[in-house]
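Participant: fold the following, please.
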Amino acid sequence: MPLIPLNGIEINYRDEGRGDDLVLVHNLTSNITGFDRNFPELSRHYRTVAADLRGHGLTTHEEDEAAAAGFYTFDNMVDDQLALLDKLGIDRFYLFGQAFWGANVALHLFDRVPDRVKGLVISSTYMIINDAHEKAYDALGKKAQQNFRRMHEQARNEGMMSVYQDRLTSGQFWGPRVLGSPDILQAFAAAHRLTSPTAFVTIPQLSRERRAGIAAKLADRGLPLMLLLGEDETAHERKLFIDEMRADYPDTHVLLLPGAGHYPTIENPADFNRALLDFYAGVALYGDTRADTKNDSVTTPQEASA
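Facilitator: Got it, this is the predicted structure:
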């Protein structure tokens, strides 16, 4: 995996396959190795590209907490993505963003270059407000607030492996498939080791005004957009993610994946890969899919392939 100087930092990335371009964006406490179970299949159909976000994997980390707020921003991460895509000669592309960090980088990327994004899939989140008055984890409930505040202190004082150990007990976003899989836990431990503790505690800002602006642009452009959710997410999280995403963009299609929770890319890669391939193929074939989307519908993979 090459490491390349771009946008004032060094970016680690992966570029495999041929055909139309597909860009994958990972989540907090992950990196491009989190797509190891997706690249082999996706790159059979698309030129597939993914990069370690700032503070993750082998891409540049900023450990000075005073400087971190200006370093770990969605706009900076969009600048990184665009610099890499331009370097690789990629113009228009399909896009996937994983959970809070990845999905919001993807949505901000669409906001910046809407004519270049052909279709967007996000998983396990929505555009959660994070500003001076609201913290992103507040929307997830009291238990999640307590978990994240405790893990932030652990990251600052003890490092990311303390956070990893805490999640084995708290189960924050880690459902039965994660906790019951030594292979997944091994991959998550390796990813935590390569995550900046300062990045972990520095939640990128997203204002209500910016969220509304992105939602308006989604509506104006009619972007084909799908929200993937795992059946093992809590009922509260599933309802929250669907309701909030459809409040912003009523034409959001929702697909519920079995055998997965917050991390469908690694918990159920077979259904995840097929969901992306089917959705992007539909976008290529039919273009704007909004006329076929019902705001109260949630599709399962079995229904999608019927």
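
Participant: low-confidence stretches in the stretch 1-150 of the chain?
Facilitator: Within the stretch 1-150 of the chain, the segments meeting pLDDT under 70 span 1.

Participant: the strands in it, which residues?
Facilitator: For the stretch 1-150 of the chain, applying DSSP state E, counting those that start in this stretch gives strands covering 3-6, 9-16, 21-25, 47-51, 93-98, 117-123.

Participant: turn the ones you listed into a markdown table, columns for distance to residue 180.
Facilitator: In short, each C-beta sits where N, CA and C put it, glycine included. Below are the strands of the stretch 1-150 of the chain laid out as a markdown table (distance: least, CB to CB, whole Å):
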| stretch | distance to residue 180 |
| --- | --- |
| strand 3-6 | 35 |
| strand 9-16 | 28 |
| strand 21-25 | 25 |
| strand 47-51 | 27 |
| strand 93-98 | 21 |
| strand 117-123 | 20 |
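
Participant: with distance to residue 166 and mean neighbour count added, can I get those strands in a markdown table?
Facilitator: Listed next are those as a markdown table, based on distance: least, CB to CB, whole Å; neighbours: other CB atoms under 10 Å:
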| stretch | distance to residue 166 | mean neighbour count |
| --- | --- | --- |
| strand 3-6 | 31 | 14 |
| strand 9-16 | 27 | 18 |
| strand 21-25 | 25 | 26 |
| strand 47-51 | 27 | 25 |
| strand 93-98 | 21 | 26 |
| strand 117-123 | 23 | 24 |
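
Participant: so which of these is nearest residue 31?
Facilitator: Closest approach to residue 31 among the strands of the stretch 1-150 of the chain is made by strand 9-16 (7.7 Å; CB to CB).

Participant: who wins for proximity to residue 159 among the strands of the stretch 1-150 of the chain?
Facilitator: Among those, the nearest to residue 159 by CB to CB is strand 9-16 (20.8 Å).

Participant: and the residue positioned nearest the centre of the chain, how far from residue 28?
Facilitator: Centroid check for the chain by CA atoms, centre = their mean gives residue 98 as the closest residue, at 1.7 Å. According to CB to CB, to the nearest Å, residue 98 stands 9 Å off from residue 28.

Participant: for residue 278, see how far away the closest residue to the residue nearest to the centre of the chain other than its chain neighbours is.
Facilitator: If the residues on either side of it in the chain are set aside, residue 98 comes closest to residue 27, at 4.3 Å by CB to CB, 6 or more residues apart in numbering. Here residue 27 is placed at a distance of 22 Å from residue 278 (CB to CB).

Participant: for residue 150, same thing?
Facilitator: Look at residue 150 and residue 278: by CB to CB, they are 40 Å apart.

Participant: for residue 270, same thing?
Facilitator: Counting by CB to CB, the separation of residue 270 from residue 278 is 12 Å.

Participant: which ones are touching residue 92?
Facilitator: 21, 115-118 (CB atoms under 8 Å, 6 or more residues apart in numbering).

Participant: also residue 94?
Facilitator: By CB under 8 Å, 6+ apart, the contact set of residue 94 is 20-23, 46, 117-120, 280, 283.

Participant: out of those, which comes closest to residue 52?
Facilitator: Of these, the one sitting nearest to residue 52 (CB to CB) turns out to be residue 23, at 13.4 Å.

Participant: give me the phi and psi angles of residue 46.
Facilitator: For residue 46, the backbone dihedrals are phi -140, psi 150 (criterion: degrees, to the nearest 10).

Participant: contacting residues around the closest residue to it other than its chain neighbours?
Facilitator: Using CB to CB, 6+ apart and skipping the chain neighbours, the partner closest in space to residue 46 is residue 22 (3.9 Å). Applying CB under 8 Å, 6+ apart to residue 22 gives the contacts 42, 46-49, 93-96, 276, 280.

Participant: cutoff 10 Å now
Facilitator: Contact analysis of residue 22 by CB atoms under 10 Å, 6 or more residues apart in numbering lists 38, 42-43, 45-50, 90, 93-96, 118-119, 121, 276-277, 280.

Participant: ok, residue 65 next?
Facilitator: 156, 197-198, 201-202.

Participant: the residues you listed, buried ones only, as a ChimeraX selection?
Facilitator: In ChimeraX, this line selects whichever of these come out buried by 16 or more other CB atoms under 10 Å:
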select :197,198,201,202
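
Participant: do I have it right that residue 188 meets residue 178?
Facilitator: Yes: counting by CB atoms under 10 Å, residue 178 is a contact partner of residue 188 at 7.1 Å.

Participant: shared neighbours, those two?
Facilitator: Common neighbours of residue 188 and residue 178, using CB under 10 Å, 6+ apart, are 167-168, 263, 266.

Participant: hmm, which of these are the buried ones?
Facilitator: The buried subset of the shared contacts of residue 188 and residue 178 - by 16+ other CB under 10 Å - is 167, 263, 266.
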